[in-house]
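> starting from these lines, generate the structure:
(one chain, ligands or ions: 2)
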Amino acid sequence: METIRLHHPQEKENMNLPASAAAIGFFDGLHRGHQDVLGTMIAKAEENGLKKAVITFDPHPSVVLNPKKRRTTYLTPLDVKLEMLEDMGVDYCFVINFSSALAGLSPDTFVFQYIIDMNIKEVIAGFDFTYGRYGAGNISTLSEYGAFHTTGVEKLAVDGEKISTTKIRKDLLTHELESANHALGRPYEVRGVIVQGEKRGRTIGFPTANIEPEYRYHLPAKGVYAVTFRLDNEETVYKGVCNVGVKPTFHDNLERVSVEVHLFDFDRSVYGENATVHWHHFIREERKFSGIDELTDHISRDKQKAIKLLENL
Ligand SMILES: Cc1cc2nc3c(=O)[nH]c(=O)nc-3n(C[C@H](O)[C@H](O)[C@H](O)COP(=O)(O)O)c2cc1C
Ligand SMILES: Nc1ncnc2c1ncn2[C@@H]1O[C@H](COP(=O)(O)OP(=O)(O)OP(=O)(O)O)[C@@H](O)[C@H]1O
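Ligands and ions are numbered 1, 2, ... in the order given. The predicted model follows:
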């Protein structure tokens, strides 16, 4: 896949791009709604002998448009999203820098400079996609141009509610992991590097791998979870129990949230290695215990629960 980064105003140069079908949107999480849009794009490209393209943005438009609610953490940070799009068979990904200059473009200018000039012949977007100044452009205005054909993808919903990045982010903060995973179509994952913790885990009988997230991820809320874990460059999937939190038993007001995984059937030093944690089930809230005995007693129970919850994997 070729990634083409665009910054407005764009230097006018002939990019000689082949004709393509393009899906357009931010696509954070690549959830099942996004997968429908991308699947439609792939079908249109194959039907019409076009290259498969995605037009996306960076950073999230809210950084420019809604400073109070600005999103600076992601379900699939840009590098992860690009890797996933490549795995889906996408040929070109246009990453347009979302700046004030871009946000201020009229819908018409956006279409001419970022769709027609890019030799895009089929545009595929969700039913609620908007673009251009004040979000004035939509699926219906996109359909008015003769230079390309537009397809609006119907809403994908669960119990009447649209599958959306916003809802998945909320679910992750309220321990509704099953709902988030159902919308994603896969277990939520975070990639990171294994770093040294306070080295207490081993002394209390539960050694943990501490994961320092590699990007600005939206982390699941503090709590204990049943997870699976993979080291980069290794096929084996390990099962484990994970604590996301600030260890209130030992610290009064630690601000930094740590992600630590106690793996079953694992006894190796893996500091410095890259790994991915897949979140499957929520077990309980993180608590301040009276001391090490009460903590280890609970961790043993967490472990048994996790073994049971993960037994069918
Ligand atoms: C499954 C699991 C559950 C945990 N639950 C809590 C908890 O509720 N409260 C708490 O203070 N620490 C909790 N911890 C964190 C432990 O305090 C931590 O693993 C231990 O202090 C070792 O930390 P270290 O790896 O930084 O040395 C939990 C850890 C695991 C693996
Ligand atoms: N559930 C869905 N069904 C159909 N299309 C969708 C769905 N969710 C998003 N899309 C479409 O996918 C593209 C990317 O959408 P976008 O990144 O805004 O996702 P979102 O999940 O709606 O995000 P947010 O919750 O941040 O609004 C857009 O074209 C959008 O219309």
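
> if I pick A226, what's in contact with it?
K239, G240, V241, C242, H280, H281, I283, K305, A306, L309, L310 (Cβ atoms under 8 Å, 6 or more residues apart in numbering). The C-beta positions use only the backbone N, C-alpha and C, and glycine is treated the same way.

> does the last one touch K239 like I think?
Same thing as L310. Yes. Applying Cβ atoms under 8 Å, one finds L310 in contact with K239, separated by 4.8 Å.

> what residues are shared contacts of the two?
When Cβ under 8 Å, 6+ apart defines a contact, the residues bordering L310 and K239 alike are A226, T228.

> between the two, who's got more neighbours?
Legend: neighbour count by other Cβ atoms under 10 Å for L310 and K239, higher for K239 (22 against 18).

> now name the helix or strand holding V111.
helix 107-111 (DSSP states H and E).

> tell me which residues of that helix come out buried.
For helix 107-111, burial by neighbour count (16 or more other Cβ atoms under 10 Å) applies to P107, F110, V111.

> what's the burial count for the closest residue to ligand 1 within the stretch 51-200 of the chain?
Nearest residue of the stretch 51-200 of the chain to ligand 1 (Cβ to the nearest ligand atom) works out as G197 at 2.8 Å. Residues contacting G197 under the criterion other Cβ under 10 Å number 17.

> distance of the residue nearest to it when sequence neighbours are not counted from G272?
Once flanking residues are discounted, G197 sits nearest to N210: 4.1 Å by Cβ to Cβ, 6 or more residues apart in numbering. Noted for N210: a distance of 12 Å to G272, by Cβ to Cβ, to the nearest Å.

> shared neighbours of those two, anything?
Joint contacts of N210 and G272 (Cβ under 8 Å, 6+ apart) are I194.

> those two: which is more packed in?
Under the neighbour definition other Cβ under 10 Å, N210 and G272 were set side by side, and N210 has more, 18 against 9.
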